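Engineer: next one to model:
(chains A and B)
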There are 2 protein chains.
Amino acid sequence: MSAELARLVTSLAQRARAASLVLATAPTAAKDAALAKLADLIDASHAALLAANAQDLLSPDSRLLTPASRERLTLNSAKLTHLAQSVREVIALPDPVGTELEAWTRPNGLRIRKLRVPIGVIGIIYESRPNVTVDCAILCLKSGNASILRGGKESFHTNTALAELIRQALLAAGLPADAVQLIPTTDRAALTTLLKLDTLIHCIIPRGGESLIRYVTANSTIPVIKHYTGVCFVYIDRDADADLAEKILVNAKTQRPGVCNAAEQLLVHTAVAEQFLPRLASALLAKNVQLRCDPASTAILARSDLSALNSQLSTLVVPAAPADYTSEFLDLILAVRIVDSLETAITTINRDGSAHSDVIVTRDEAAARRFQAGVDSAAVFWNASTRFNDGFEFGFGAEIGISTDRLHARGPMGLRELCTYKFVIDGTGQVRT
Amino acid sequence: MSAELARLVTSLAQRARAASLVLATAPTAAKDAALAKLADLIDASHAALLAANAQDLLSPDSRLLTPASRERLTLNSAKLTHLAQSVREVIALPDPVGTELEAWTRPNGLRIRKLRVPIGVIGIIYESRPNVTVDCAILCLKSGNASILRGGKESFHTNTALAELIRQALLAAGLPADAVQLIPTTDRAALTTLLKLDTLIHCIIPRGGESLIRYVTANSTIPVIKHYTGVCFVYIDRDADADLAEKILVNAKTQRPGVCNAAEQLLVHTAVAEQFLPRLASALLAKNVQLRCDPASTAILARSDLSALNSQLSTLVVPAAPADYTSEFLDLILAVRIVDSLETAITTINRDGSAHSDVIVTRDEAAARRFQAGVDSAAVFWNASTRFNDGFEFGFGAEIGISTDRLHARGPMGLRELCTYKFVIDGTGQVRT
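Structural biologist: Here you go, the predicted structure:
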């Protein structure tokens, strides 16, 4: 049984590899035609898709989901209309394949061009949201990559129905149907086999929780691009504008607390802590954010008159435990510390953060430049919310995730980041001597 | 003992990580001063370095080496003078750190800049050549990365002596000595520990044979950039110039047969096989290249008058076994096949090659462009030797290897490929809504 499963997965990957070579040189018009067809098929298939989704929602696996996960699994007509629209938006994006990145001529006359090309075959390992099936398939398709999709078992029937539509759309556009394939089983052994097929699959992107990413990283011989979540810092410098500080901090913490680019940690320069902290705290408390404070910030808040603002003060301002200073809460919780200098802020962020998205609020350009140089993170902001570290906000037009790796792609990954390059070299008979 | 070793390696990596943050923003002048000092120290330390090298050459481990490996391990004054000179050459190369790769302004006024920055901490795992210690250390240093070096046990004393000079050079330039560290033991357990330190080390580059690279890939949770060797093809098209075909093929196969960008496989279009193959074969036989031929090429050569050219014909023209068509011989051996079309050549190369360096010899530009688009390799040449896939030949000024991976870096890796990027974003109080 296990050998049979391994053969099945290997055969699927071989067909994906063959399809990837066709897709790599497919014209933009053919890829866009497949996308247009897919959007139409989704629009025309609400009944079938919702029936498959209902099957998933009735399964024992899905009954164990949290209400939030169950909500993400649940499709409805509005979500499907939105999904079709997101497919049409990718048609409008420029095809990244074939762009000349650099070109030069060597003294011996060799003309070297560095051209953007698809990576090849990309494996996407994800959890319960079925729209990820379509999101990932269409971004891989537009960037000329074949994709192998392995979704969560809770959404298996929905994913299978969506994958069938993708297959029909590829065929309608004259493209190989094997260019997008869903692993047709939820057996974990299939994943283990997949992660070792390093001669057929060129890149693995896990999308999901930390335990999924760690499992994939530990078991894959294929390069993995990781999308861990973020321990993001807001640093209020001694020369910060108080209005800006409050506005940016509240947005970074509360606008969408459950995502990777939300702030989790606050550092305030000691010179302005006495003045700024009560104001910042009251703005956050008004949003029901719990503050986990170091002794210095606890002392400042104890002297202030916050109790008038919030009757739940004793539960919303609490002493921090050491683990809080490196935590990603993904909730209305913020760890708070006072720092004695810009340099201490930088050192603290590099030590306790996750190199994702960090911000300095200051009017002092020199301080901002030192912070942006010294903080070793994917996105370092001056006077703007960390929430802007996002492919759409960067203007990429699409996003397959926000890479927390340093190799290949760092930060938001759009269509260009799903490509590699090749060197195309023209000679007139040059040989090495 | 094992726990102690794990602590030692972890502590070393922690110090490397701290040093990397200093090095990341170190001025070019400081890095260049360290390089200049190192070159002077190497020049002034021939006696000590040769004594350490003699110790390695007397060790039981080194006595087991092949003559070629022993020659690579052996230093002499001329090699040391050359090594110091190679350090000085890196001073002249431009510092890759800080270059603005892209910059744009979003409609909301956010100014986004994508800047080239060091990767962080790079682990280099290599085998017996001690000059790799210096080569890798200086390229990492110039590109602002801290490096952790783990050389072969045969060259341990030589590597230790060289690492001590690097340490002195860093200190003399006011840079952290921990920016370049040699693992101070040859215990394999140290390597296993190192490969799991994914929060401290950001990239592993194994330099050595395939078994070393496979071991590292299978055991590392840190991203690995692989430098496998190459199964490189020369394809002689139906419209090839005969002189060019001979010149390029002989160079690609024989100029340095033991390297990854040497040709291992020949494909000849059937329309010109009868005319070209005897000439190509006689040129290769004159260089003592063994030809492992498919039935069609065997038949053509049997009809020709090669025996007059080479008395050893029966040992130099032999039937190919199936494995020969995917082999990297690294020797004066070439597998030979006749193909019926350009498309078959492309399909054959994508199936049997290693996506390293391949060439088409033709006068037909349309055929060349189709070949360069269709062959999915790091470097695809038209009318030039595969031997040009090399950092120096590309004009990079330095090379840490030729990546056979597709993510991050593909083909020659110079200083720029030892860098990643960060996004530096300037705002005026923008928040997400």
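Engineer: domains of chain A?
Structural biologist: A:2-228+A:412-426, A:232-388 (automatic domain parsing).
Engineer: near chain B, which residues of the stretch 51-200 of chain A are found?
Structural biologist: Contact residues, the stretch 51-200 of chain A versus chain B (CB under 8 Å from any CB of the partner chain): A:Trp104, A:Arg106, A:Leu110, A:Ile112, A:Val117, A:Ile119, A:Gly120, A:Asp198. C-beta here means a position set from N, CA and C on the backbone, and glycine is covered the same way.
Engineer: let me have these in JSON lines, extended by secondary structure, distance to B:Asp56 and pLDDT.
Structural biologist: Formatted as JSON lines, these follow (DSSP: H, G, I helix; E, B strand; the rest coil; distance: CB to CB, whole Å; pLDDT from 0 to 100):
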{"residue": "A:Trp104", "secondary structure": "strand", "distance to B:Asp56": "41", "pLDDT": "98"}
{"residue": "A:Arg106", "secondary structure": "coil", "distance to B:Asp56": "38", "pLDDT": "98"}
{"residue": "A:Leu110", "secondary structure": "coil", "distance to B:Asp56": "40", "pLDDT": "98"}
{"residue": "A:Ile112", "secondary structure": "strand", "distance to B:Asp56": "39", "pLDDT": "98"}
{"residue": "A:Val117", "secondary structure": "strand", "distance to B:Asp56": "44", "pLDDT": "98"}
{"residue": "A:Ile119", "secondary structure": "coil", "distance to B:Asp56": "42", "pLDDT": "98"}
{"residue": "A:Gly120", "secondary structure": "coil", "distance to B:Asp56": "42", "pLDDT": "98"}
{"residue": "A:Asp198", "secondary structure": "coil", "distance to B:Asp56": "34", "pLDDT": "95"}
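Engineer: neighbour-wise, give me the winner out of the residues you listed.
Structural biologist: When neighbours are counted by other CB atoms under 10 Å in any protein chain shown, A:Ile119 leads these with 26 neighbours.
Engineer: what residue ranges in chain A score low on pLDDT?
Structural biologist: Residues of chain A meeting the criterion pLDDT under 70: A:1, A:307-312.
Engineer: residue of the stretch 151-300 of chain A closest to chain B, please.
Structural biologist: For the stretch 151-300 of chain A, the residue closest to chain B is A:Asn251, as judged by CB to the nearest CB, at 3.6 Å.
Engineer: once you drop chain neighbours, what's closest to A:Ala378?
Structural biologist: Nearest residue to A:Ala378, sequence neighbours excluded (CB to CB, 6 or more residues apart in numbering or on different chains): A:Gly411, at 4.0 Å.
Engineer: now that neighbour: how far from A:Arg238?
Structural biologist: For A:Gly411, the distance to A:Arg238 (CB to CB, to the nearest Å) stands at 28 Å.
Engineer: of these two, which one has the most company?
Structural biologist: The neighbour comparison of A:Gly411 against A:Arg238 (other CB under 10 Å) goes to A:Gly411, with 26 against 17.
Engineer: is the more buried one bridged to anything, and to what?
Structural biologist: A:Ser403 (DSSP bridges).
Engineer: pretty sure it contacts A:Asn389?
Structural biologist: Yes: at 6.2 Å, A:Gly411 counts as touching A:Asn389 under the criterion of CB atoms under 8 Å.
Engineer: now do the shared contacts for the two.
Structural biologist: Shared contacts of A:Gly411 and A:Asn389 (CB atoms under 8 Å, 6 or more residues apart in numbering or on different chains): A:Ala378, A:Ala379, A:Ile402, B:Phe423.
Engineer: re earlier: what does whatever helix or strand the residue of the stretch 151-300 of chain A closest to chain B lives in rub up against?
Structural biologist: For A:Asn251, the element it lies in under DSSP states H and E is helix A:242-254. With contact meaning CB under 8 Å, 6+ apart, helix A:242-254 is reached by A:232, A:234, A:236, A:262-263, A:266, A:275-276, A:279-280, A:283-284, A:287, A:289, A:332, A:334, A:359, A:361, A:383-387, B:429, B:431-432.
Engineer: give me that answer again for 6 Å
Structural biologist: A:234, A:236, A:263, A:280, A:283, A:287, A:289, A:334, A:361, A:383, A:385-387, B:429, B:431 (CB atoms under 6 Å, 6 or more residues apart in numbering or on different chains).
Engineer: are any of those residues buried, and which?
Structural biologist: Neighbour-count burial within those applies to A:234, A:236, A:263, A:280, A:283, A:289, A:334, A:361, A:383, A:385-387, B:429, B:431; the criterion is 16 or more other CB atoms under 10 Å in any protein chain shown.
Engineer: and these as JSON lines, adding secondary structure and distance to B:Cys136?
Structural biologist: Formatted as JSON lines, those follow (DSSP: H, G, I helix; E, B strand; the rest coil; distance: CB to CB, whole Å):
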{"residue": "A:Val234", "secondary structure": "strand", "distance to B:Cys136": "38"}
{"residue": "A:Ile236", "secondary structure": "strand", "distance to B:Cys136": "41"}
{"residue": "A:Ala263", "secondary structure": "strand", "distance to B:Cys136": "39"}
{"residue": "A:Leu280", "secondary structure": "helix", "distance to B:Cys136": "47"}
{"residue": "A:Ala283", "secondary structure": "helix", "distance to B:Cys136": "51"}
{"residue": "A:Val289", "secondary structure": "coil", "distance to B:Cys136": "48"}
{"residue": "A:Leu334", "secondary structure": "strand", "distance to B:Cys136": "43"}
{"residue": "A:Val361", "secondary structure": "strand", "distance to B:Cys136": "40"}
{"residue": "A:Asn383", "secondary structure": "strand", "distance to B:Cys136": "40"}
{"residue": "A:Ser385", "secondary structure": "coil", "distance to B:Cys136": "40"}
{"residue": "A:Thr386", "secondary structure": "helix", "distance to B:Cys136": "36"}
{"residue": "A:Arg387", "secondary structure": "helix", "distance to B:Cys136": "40"}
{"residue": "B:Gly429", "secondary structure": "strand", "distance to B:Cys136": "45"}
{"residue": "B:Val431", "secondary structure": "coil", "distance to B:Cys136": "45"}
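Engineer: mind checking which helix or strand A:His227 is in?
Structural biologist: According to DSSP H and E, A:His227 maps onto no helix or strand at all.
Engineer: close enough to count as contact, it and A:Glu399?
Structural biologist: No: here A:His227 lies out of contact with A:Glu399, judged by CB atoms under 6 Å, at a distance of 10.2 Å.
Engineer: list phi and psi for A:Pro184.
Structural biologist: Note on A:Pro184: backbone dihedrals following degrees, to the nearest 10 are phi -80, psi 40.
Engineer: kindly export the helix or strand that contains A:Leu170 (C-alpha atoms) in CSV.
Structural biologist: Under DSSP H and E, the secondary-structure element containing A:Leu170 is helix A:156-172. Output in CSV follows, covering the C-alpha atoms of helix A:156-172 (Å, rounded to 0.1, in the frame of the first residue of the first chain):
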residue,chain,number,x,y,z
PHE,A,156,-10.6,17.5,0.5
HIS,A,157,-13.9,17.4,-1.4
THR,A,158,-14.0,21.1,-2.0
ASN,A,159,-10.4,21.1,-3.2
THR,A,160,-11.1,18.2,-5.5
ALA,A,161,-14.0,20.0,-7.1
LEU,A,162,-11.9,23.2,-7.6
ALA,A,163,-9.0,21.2,-9.0
GLU,A,164,-11.3,19.6,-11.5
LEU,A,165,-12.4,23.1,-12.8
ILE,A,166,-8.7,24.1,-13.0
ARG,A,167,-8.1,21.0,-15.1
GLN,A,168,-10.9,21.8,-17.5
ALA,A,169,-9.7,25.4,-17.8
LEU,A,170,-6.2,24.3,-18.7
LEU,A,171,-7.4,21.9,-21.3
ALA,A,172,-9.7,24.5,-22.8
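Engineer: list the helices and strands that helix packs on?
Structural biologist: The contact analysis (3 or more CB pairs under 6 Å, 6 or more residues apart in numbering or on different chains; DSSP states H and E) places helix A:156-172 against helix A:28-44, helix A:46-58, helix A:131-142, strand A:180-182.
Engineer: quick one: that helix to helix A:131-142, angle?
Structural biologist: With axes from the mean of the first three to the mean of the last three CA atoms, to 10 degrees applied, the angle from helix A:156-172 to helix A:131-142 works out at 20 degrees.
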